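1. my questions are about this predicted structure, shown below with the sequence.
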Amino acid sequence: MENKIATPSETKKILRQHNLNLKKSLGQNFLVDSNIIDIITAAADIKGDEFLIEIGPGIGSLTQSLLEKLDSGKMLAVEKDAAMVGVLEDIFAGEERLSLLNQDALKTNWEEMVTEHNTENRKIKLIANLPYYVTTPIIMGVLESELELEQMVFMVQKEVGERICAGPETKKFGSLSVAVQYHMQPEIVHQVPASVFIPQPDVDSVIVSLSPYEENIYQEKVISKKFFFQIVKSIFQQRRKTLRNSLSKSAVINLDRDLVTQALEDEGIGLKKRGEKLSISEMISISNRIYKMRNKAESN
């Protein structure tokens, strides 16, 4: 297709031609600014030989730009709406580098899908303009699948992007910050106004890039991932309480108050300190200590 899809006129033309009614339930807001598309594509730093995954391509405005950057690489677009898949099949007919999958990203087994489609074992990059209402579960589903991703670049609601990238001792630092940063290193690449979408959402967006750590500074140190995230959930469910109270009175994990007190003292953490002020490394350290102390107490 010669015309840029990411313009108001071309997007409206495609919607008319295919008699499409946008589904608010699927969070369908289409980008109509090619400059923003270019920023997303540039952030993905496509070399040309990768295996690209796009979630929720819609009518293909971002898809078009990504394919322009591919040379020998391949691309898989995962789209829940069958009507949109029909549009994509029409627009990109004959495009051998692109495979379309009519599937719900929330129900996708990412490892199986990549094994099936990435048969040449190419480096994987995931790019998406994510529907706001499923942003967090999609991101976490991909991260927890343990795919070996070279990069993720996605557009999300501004508040969610800021929470993903937030650090300790800030209001937006929370369970989502820890969960994402445990896996990959996030960065806000660009601020995106609501005016670049059809229809316009009620909030602004941001483009976020996730890159793998050179050495995973967190995962290698955690003794029990399940226990660690129980600790994290306890901390942020009662974030205004002291760390001792949030852990010993947690509904998520049943911990003895004296054990928590001793663990904090051994870690050199003040008993009145709030958990939200801990770094991720400090959370891992206290989690590991409590885990070992509790196991030892239970075995005696």
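-> That came through, no problem. Numbering: from 1, shown residues only.
2. what residues sit buried inside the lengthiest helix in the chain?
-> For the chain, the helix reaching the highest residue count under DSSP state H is reported as helix 280-299. When burial is assessed from 16 or more other Cβ atoms under 10 Å, helix 280-299 yields the following buried residues: 280, 282-291, 293-294. For glycine as for every other residue, the C-beta is placed from the backbone atoms N, C-alpha and C.
3. ok, residue 205 touching residue 156?
-> Yes - proximity of residue 205 to residue 156 meets the contact threshold set by Cβ atoms under 8 Å, at 6.3 Å.
4. domain parsing for the chain?
-> As assigned by the TED database, the chain contains the domains 8-215, 220-299.
5. stretch 20-38 spans what distance, first to last residue?
-> Counting by Cα to Cα, to the nearest Å, you get 26 Å between the two ends of stretch 20-38.
6. related to what we said a few turns ago, and which of the buried residues of helix 280-299 is nearest residue 243?
-> Distance from residue 243 was checked for each of the buried residues of helix 280-299 by Cβ to Cβ. The minimum falls on residue 286, at 7.7 Å.
7. residue 266 is in contact with the closest one, correct?
-> No - the criterion here is Cβ under 8 Å, and residue 286 misses it with residue 266 at 9.1 Å.
8. pLDDT weak spots in this structure?
-> Within the chain, the set of residues satisfying pLDDT under 70 comprises 1-2, 22-27, 300.
9. in it, what residue spans correspond to helices?
-> If you assign secondary structure with DSSP H, the helices in the chain sit at 8-17, 34-44, 61-69, 82-91, 110-117, 135-144, 158-165, 175-183, 225-237, 243-248, 257-267, 280-299.
10. convert the fifth one to PDB, retaining C-alpha atoms only.
-> Output of helix 110-117 as PDB, limited to C-alpha atoms (Å, rounded to 0.1, in the frame of the first residue of the first chain):
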ATOM      1  CA  TRP A 110       3.600 -16.900  23.800                       C
ATOM      2  CA  GLU A 111       6.300 -19.600  23.900                       C
ATOM      3  CA  GLU A 112       4.300 -22.000  21.800                       C
ATOM      4  CA  MET A 113       3.400 -19.300  19.300                       C
ATOM      5  CA  VAL A 114       7.000 -18.100  18.900                       C
ATOM      6  CA  THR A 115       8.200 -21.700  18.500                       C
ATOM      7  CA  GLU A 116       5.600 -22.300  15.800                       C
ATOM      8  CA  HIS A 117       6.200 -19.000  13.800                       C
END
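11. now it and helix 135-144, what's the angle there?
-> Here helix 110-117 runs at an angle of 70 degrees relative to helix 135-144 (axes from the mean of the first three to the mean of the last three Cα atoms, to 10 degrees).
12. give me the helices and strands touching helix 110-117, please.
-> Helix 110-117 sits against strand 51-55, strand 74-79, with contacts defined as 3 or more Cβ pairs under 8 Å, 6 or more residues apart in numbering; DSSP states H and E.
13. measure stretch 49-63 end to end?
-> End-to-end for stretch 49-63, by Cα to Cα: 16 Å.
14. tell me the buried residues in that stretch?
-> Judged by neighbour count using 16+ other Cβ under 10 Å, the buried positions of stretch 49-63 are 50-63.
15. in JSON lines: those residues, plus distance to residue 92.
-> Shown next, in JSON lines, are the buried residues of stretch 49-63 (distance: Cβ to Cβ, whole Å):
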{"residue": "50", "distance to residue 92": "18"}
{"residue": "51", "distance to residue 92": "17"}
{"residue": "52", "distance to residue 92": "13"}
{"residue": "53", "distance to residue 92": "16"}
{"residue": "54", "distance to residue 92": "12"}
{"residue": "55", "distance to residue 92": "16"}
{"residue": "56", "distance to residue 92": "16"}
{"residue": "57", "distance to residue 92": "10"}
{"residue": "58", "distance to residue 92": "13"}
{"residue": "59", "distance to residue 92": "10"}
{"residue": "60", "distance to residue 92": "6"}
{"residue": "61", "distance to residue 92": "12"}
{"residue": "62", "distance to residue 92": "12"}
{"residue": "63", "distance to residue 92": "7"}
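16. could the helices and strands packed on helix 110-117 be laid out in a markdown table, adding distance to residue 214?
-> Shown next, in a markdown table, are the helices and strands packed on helix 110-117 (distance: least, Cβ to Cβ, whole Å):
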| stretch | distance to residue 214 |
| --- | --- |
| strand 51-55 | 22 |
| strand 74-79 | 27 |
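17. nearest to residue 165, of the ones you listed?
-> Taking Cβ to Cβ, strand 51-55 is the member of the helices and strands packed on helix 110-117 nearest to residue 165, at 19.8 Å.
18. what about the residue nearest to residue 148 when sequence neighbours are not counted, distance to residue 103?
-> Counting by Cβ to Cβ, 6 or more residues apart in numbering, residue 124 is the residue found nearest to residue 148 once chain neighbours are left out, at 6.6 Å. Distance of residue 124 to residue 103, given as Cβ to Cβ, to the nearest Å: 17 Å.
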